[in-house]
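A.B. asks: Sequence and predicted model, in that order:
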Amino acid sequence: PSELGMMEHIEVLSLGNNDLTGAIPTEIGNLSRLESMRLSYNRFDSSIPSELANLSSLRFAYIEHNQLTGTIPAELSFWNETVGFFYFELFGNRITGTGLEEIFCAHRPAGDVTSLPIQADCLGPDPEIICSCCNACCNADASDCRLRSG
């Protein structure tokens, strides 16, 4: 709902496990003080909205176990440049491509899997997503997740 974007003082948005459907509301991108966003274990079925790049205070993003599709928006590279960003979980979706690699891994030393914890569907012989800096990789249905060490 558009009213969500008017909650300008909210710091934690926890909507996990609510069986929510449709697209992730782009209005979330208006929550400038948001530090933690938990949208996991719902049925969001669109792509990740580029408006989330506006979340300059965001430190934790949990969007795992939805039905998200598409690629990681390039605009989210802002999260990589934000000093306080700390944790990103997106496994158990249908995100594909090299977005994580290009946005989060490209500017890290080779093999660095510790400076920014990221979990994605990057396990198996034909992974959905490429991510050399993920600290945990899961298979497509997230039934098997493995930690990596640097």
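C.D. replies: In hand now; what should we look at?

A.B. asks: from here on, contacts and neighbour counts on C-alpha atoms
C.D. replies: Fine.

A.B. asks: Just give me the neighbour total for Pro117.
C.D. replies: 16 (other Cα atoms under 10 Å).

A.B. asks: err, Leu58, not the other one
C.D. replies: Leu58: 24 neighbours (other Cα under 10 Å).

A.B. asks: so where does it fall, helix or strand?
C.D. replies: Using DSSP states H and E, Leu58 sits within no helix or strand.

A.B. asks: How about the secondary structure of Ile103?
C.D. replies: Classification of Ile103 using DSSP: H, G, I helix; E, B strand; the rest coil returns helix.

A.B. asks: pLDDT weak spots in this structure?
C.D. replies: Scanning the chain for pLDDT under 70 picks out the ranges 1, 78-85, 107-116, 149-150.

A.B. asks: Which parts of it are strands?
C.D. replies: Here the chain has its strands, by DSSP state E, at 12-14, 21-22, 36-38, 43-44, 60-62, 69-70, 87-89, 94-95, 118-120, 136-138, 145-147.

A.B. asks: Out of these, which is closest to Glu101?
C.D. replies: strand 118-120 (11.0 Å; Cα to Cα).

A.B. asks: if we can go back for a sec, for Ser77, which of the strands of the chain is the nearest?
C.D. replies: Within these, the stretch nearest Ser77 is strand 87-89; the backing value is 12.6 Å (Cα to Cα).

A.B. asks: Output the strands of the chain in TSV, with distance to Asn54 and mean neighbour count appended to each entry.
C.D. replies: Below are the strands of the chain laid out as TSV (distance: least, Cα to Cα, whole Å; neighbours: other Cα atoms under 10 Å):
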stretch	distance to Asn54	mean neighbour count
strand 12-14	15	14
strand 21-22	21	12
strand 36-38	13	19
strand 43-44	20	22
strand 60-62	13	20
strand 69-70	20	15
strand 87-89	16	19
strand 94-95	20	22
strand 118-120	19	25
strand 136-138	26	23
strand 145-147	30	14
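
A.B. asks: how about those in CSV, adding distance to Ala106?
C.D. replies: Shown next, in CSV, are these (distance: least, Cα to Cα, whole Å):
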stretch, distance to Ala106
strand 12-14, 29
strand 21-22, 32
strand 36-38, 25
strand 43-44, 28
strand 60-62, 20
strand 69-70, 20
strand 87-89, 16
strand 94-95, 19
strand 118-120, 14
strand 136-138, 17
strand 145-147, 20
